[in-house]
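Student: only geometry, no sequence info:
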């Protein structure tokens, strides 16, 4: 504790939860101890709830297994995926903090080109605490970073930027490839450290990966639904993509920014490409229709909260994607259930008055 | 010549011209000799045409001063700026090559993080010869680069990409800042080498700098008009910005891509911020109206050539920007003159039949 008392207070120590979905003992936290120990962890245990997940000593955490999810959400637990890391979004819902960082348990501390350990969480927090620039492209990347600025020709009226809702971090070693690319390039490793953070422009979709992701729960939390994946569903490995498409459309509508780039984590091992192909194959052809749908989706002006936007989007999903597969009808319904569950666990001051005690979180 | 015969043949040796606007002796070419000497240079001499510009021995070049421009273009020479580096676009027009690289004479060879000299031209050629990805964002940057690919969630139907029309390079040392930023941060230097090339997404404008720029003349040449700047004009230092806005709108319409990032050059010295402020100040407030104009500009489907797009854009400029300042009426007319001059110097096979010999280039 002596070392700790000498260190500066970690950024946002009491305002951020780290959400980890897992099916195994969390030994990977040992490597993250210097960076994560000051923060509160929310562990979402997937799979068999009778299994005991070991968490290394000294971490402050709460753990939810499937029984907990069912008890807390009741019938609304149907919107939380089982046997898929999509279950992590339950952690976003039960958190009471302003910020979330979520990381996979096969992600380790990466090193920057000078050989120094990268404090990924600190970089995410920096990304979230300074504005984004979704309305015009800055060729020298993040203009708010030390040593950088807006270049000649950048409109002065846009230099205040937009609030940053999401910070999307990247991966050294095993890149986040789909099953076909994994199969074709089994030995490809990402060794390129790109020293940049940038804003994804308004109107542009991106493939959001949930492996190393931070966001502002107050600004965008209810859009971070990871969909219906895994057990009993026809699809997997599209949980974070789904959340990314919805989140981007809503951020664009609400004038919020999404950053991508730094920080890197070290992604230790590639998942099985054959298993992945089975999970992904429907997504691989569905996305050819889903992406044009999201590219052309617009939200009405009177949708001013994330919840309103998300409910509206669920209607459009039902209307326009159900023809692709009946799955999207079920998903659209689950999107509504998710928002209902979110509002139940996160009552606003107005909402609180209406809410009966029996519906509250059973914690 | 022994060294040269041993070296591999430089990429696109007979298909690329290097265009350099200047008012001084071109000693800066000495440093570029290993990379530029195999290529043909087009030097556009600005200012006093009686001044002799010295070009280091061994370079293959043609040089045009104001008298040459007036002789070749006749009355249409009015569209080429005088006493401003915007005159460089005359070089794009007289070139007969497929590709152009343009560089300022205060730009030197930069070093990569390993200390190796950067062959900027080679990187530009690589950028131009592989596709762009304007329709969806790839989080691992240029997916065509060695060691990279499309990430999970990138639609397979979009992986062919779009032809790359423009490669926009960056600057180490003196960043390309406007006068107010130069005044506020006189000592800022760009020391961050970002090892990335990326496509600027469709629908997003960017500030295009002409200092270190390459493009495919056949794909986009007629849009690369650097406007009316300098002598007799109310504005300067917006030549490349103007070209960038027009080019981006037209590339988006025609399904062409624009890349930015690598290569870096070493920008040796900052121009005088007080002089720059005088040139820029109208642009600084005009751009607050110009940029929304370009952000919302759309071109009709029947505009299928760059020339058609550019003429249509000139009409929209006259209609919508003339209220900002009468300058834009003059600029819109110059845009038309530019296209007329371009077509005169670059007759197509159909055009050739109609063209009388007296209108041809006097070379």
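Tutor: That came in fine, so what should we check first? As the structure is a prediction and not an experimental result, all values here were calculated from the model.

Student: what about the helices in chain A?
Tutor: Per DSSP state H, chain A carries helices over the ranges A:2-6, A:29-36, A:66-73, A:89-94, A:120-129, A:179-184, A:217-220, A:239-254, A:273-296, A:306-321, A:327-345, A:349-354.

Student: can you redo the ones you listed as CSV with mean neighbour count and distance to residue B:122?
Tutor: Quick note: C-beta positions are derived from backbone N, CA and C, even for glycine. Converted to CSV, the helices of chain A look like this (neighbours: other C-beta atoms under 10 Å in any protein chain shown; distance: least, C-beta to C-beta, whole Å):
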stretch, mean neighbour count, distance to residue B:122
helix A:2-6, 7, 49
helix A:29-36, 17, 40
helix A:66-73, 19, 56
helix A:89-94, 24, 46
helix A:120-129, 22, 32
helix A:179-184, 18, 28
helix A:217-220, 21, 42
helix A:239-254, 25, 35
helix A:273-296, 17, 35
helix A:306-321, 19, 46
helix A:327-345, 20, 48
helix A:349-354, 9, 61
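
Student: now render these as TSV, adding mean pLDDT and distance to residue A:154.
Tutor: Compiled in TSV, these are given as follows (pLDDT from 0 to 100; distance: least, C-beta to C-beta, whole Å):
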stretch	mean pLDDT	distance to residue A:154
helix A:2-6	49	41
helix A:29-36	98	34
helix A:66-73	98	46
helix A:89-94	98	34
helix A:120-129	98	20
helix A:179-184	96	36
helix A:217-220	98	24
helix A:239-254	98	20
helix A:273-296	96	26
helix A:306-321	98	29
helix A:327-345	98	37
helix A:349-354	56	40
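
Student: and chain B, which of those helices is closest to it?
Tutor: Between chain B and those, the shortest gap by C-beta to the nearest C-beta is with helix A:239-254, which sits at 4.3 Å.

Student: if you compare the directions of that closest one and helix A:306-321, what angle comes out?
Tutor: 120 degrees (axes from the mean of the first three to the mean of the last three C-alpha atoms, to 10 degrees).

Student: tell me what helix A:239-254 is packed against?
Tutor: strand A:164-173, helix A:217-220, strand A:257-267, helix A:273-296, helix A:306-321 (3 or more C-beta pairs under 8 Å, 6 or more residues apart in numbering or on different chains; DSSP states H and E).

Student: figure out how far it is from the centre of its chain.
Tutor: 10 Å (C-alpha atoms, centre = their mean, to the nearest Å).

Student: hang on, the earlier thing: out of the helices of chain A, nearest to residue B:289?
Tutor: Ranking these by proximity to residue B:289 (C-beta to C-beta) places helix A:239-254 first, at 22.9 Å.

Student: next, the angle strand A:164-173 makes with the closest one.
Tutor: Relative orientation of helix A:239-254 versus strand A:164-173 (the same axes, to 10 degrees): 150 degrees.

Student: any idea how many residues pack against the residue nearest to residue A:240 when sequence neighbours are not counted?
Tutor: Of all residues not flanking residue A:240 in the chain, residue A:210 sits nearest, at 3.3 Å (C-beta to C-beta, 6 or more residues apart in numbering or on different chains). Applying other C-beta atoms under 10 Å in any protein chain shown, we find 23 residues neighbouring residue A:210.

Student: residue A:78 now?
Tutor: 18.

Student: quick check: it vs residue A:331, distance?
Tutor: Distance from residue A:78 to residue A:331, counting by C-beta to C-beta, to the nearest Å: 12 Å.

Student: please apply the same query to residue A:297.
Tutor: Distance from residue A:297 to residue A:331, by C-beta to C-beta: 15 Å.

Student: for chain B, see how far away residue A:161 is.
Tutor: Residue A:161 is 15 Å from chain B, where distance means C-beta to the nearest C-beta, to the nearest Å.

Student: count the residues that sit near that residue.
Tutor: 20.

Student: that one and residue A:142 touch, don't they?
Tutor: No. With contact defined as C-beta atoms under 8 Å, residue A:161 does not count as touching residue A:142 (9.8 Å).

Student: need the residues touching each of these two.
Tutor: Common contact partners of residue A:161 and residue A:142 (C-beta atoms under 8 Å, 6 or more residues apart in numbering or on different chains): A:130, A:133.

Student: if we can go back for a sec, do I have it right that the residue nearest to residue A:240 meets residue A:101?
Tutor: No. Here residue A:210 lies out of contact with residue A:101, judged by C-beta under 8 Å, at a distance of 11.2 Å.

Student: how many neighbours does residue A:75 have?
Tutor: 9.

Student: tell me how far it lies from residue A:344.
Tutor: Separation of residue A:75 from residue A:344 (C-beta to C-beta): 12 Å.

Student: swap in residue A:153?
Tutor: From residue A:153 to residue A:344 the distance is 49 Å (C-beta to C-beta).

Student: residue A:95 too?
Tutor: 14 Å.

Student: with adjacent residues omitted, what lies nearest to the residue in the stretch 51-200 of chain A positioned nearest to chain B?
Tutor: Relative to chain B, the nearest point of the stretch 51-200 of chain A is residue A:153 (3.1 Å; C-beta to the nearest C-beta). Setting aside the residues directly before and after it, residue A:153 is nearest to residue B:207 in space (C-beta to C-beta, 6+ apart), at 3.1 Å.

Student: let me see the contact set for that neighbour.
Tutor: By C-beta under 8 Å, 6+ apart, residue B:207 lies in contact with A:136-139, A:151-154, B:241, B:244.

Student: what's the local residue count around residue A:266?
Tutor: 19.

Student: dig out what it forms beta bridges with.
Tutor: Using DSSP bridges, the bridge partners assigned to residue A:266 are residue A:108, residue A:172.

Student: just the pLDDT for it.
Tutor: As predicted, residue A:266 sits at a pLDDT of 98.

Student: what do you get for residue A:8?
Tutor: pLDDT, residue A:8: 72.

Student: distance check, it against residue A:262.
Tutor: From residue A:8 to residue A:262 the distance is 20 Å (C-beta to C-beta).

Student: what of residue A:180?
Tutor: 28 Å.

Student: next one: residue A:199
Tutor: 13 Å.

Student: just residue A:322 next, same as before
Tutor: 39 Å.
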